[in-house]
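Q: Below are the sequence and a predicted model for it; my questions follow.
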Amino acid sequence: MVVIRLSRGGAKKRPFYNIVATDRRNRRDGRFIERIGFYNPMAAGQETPLRIAMDRLEHWRSNGAQVSESVERLVRQAAKAAPQAEAA
């Protein structure tokens, strides 16, 4: 089964997460099928904290991929921020 989840990267005490589509049996930071976006909780200034390719996310969902709870929370956060960005 394909799952969309976070894969941790970055340095010690400076996390950076890739949002990836992977087989659920693979390790958290192991091999993945496709990188869909990223989440940087330590973003400061003009850095982008979150980017998700919504078209690829919907593609994987339509093919039966499950979305982890943390990624689902980030997707809702991105959807809430998108209308505000369009209005500016």
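A: Great, that's in hand.

Q: what sits opposite the most centrally placed residue in the chain in the beta ladder?
A: The chain has Ile19 as the residue nearest its centroid, 3.0 Å off, counting by C-alpha atoms, centre = their mean. Taking DSSP bridges as the rule, Ile19 bridges to Leu6, Gly37.

Q: Now do the top helix by length along the chain: which elements does it pack against?
A: When the chain is parsed with DSSP state H, its longest helix is helix 69-87. For helix 69-87, the elements it packs on are strand 2-11, strand 50-52, judged by 3 or more C-beta pairs under 8 Å, 6 or more residues apart in numbering; DSSP states H and E. Any C-beta I mention is one placed from the backbone N, CA and C, and that applies to glycine too.

Q: mind running it again at 10 Å?
A: Applying 3 or more C-beta pairs under 10 Å, 6 or more residues apart in numbering; DSSP states H and E, we find helix 69-87 packed against strand 2-11, strand 14-23, strand 34-39, strand 50-52, helix 54-62, strand 66-67.
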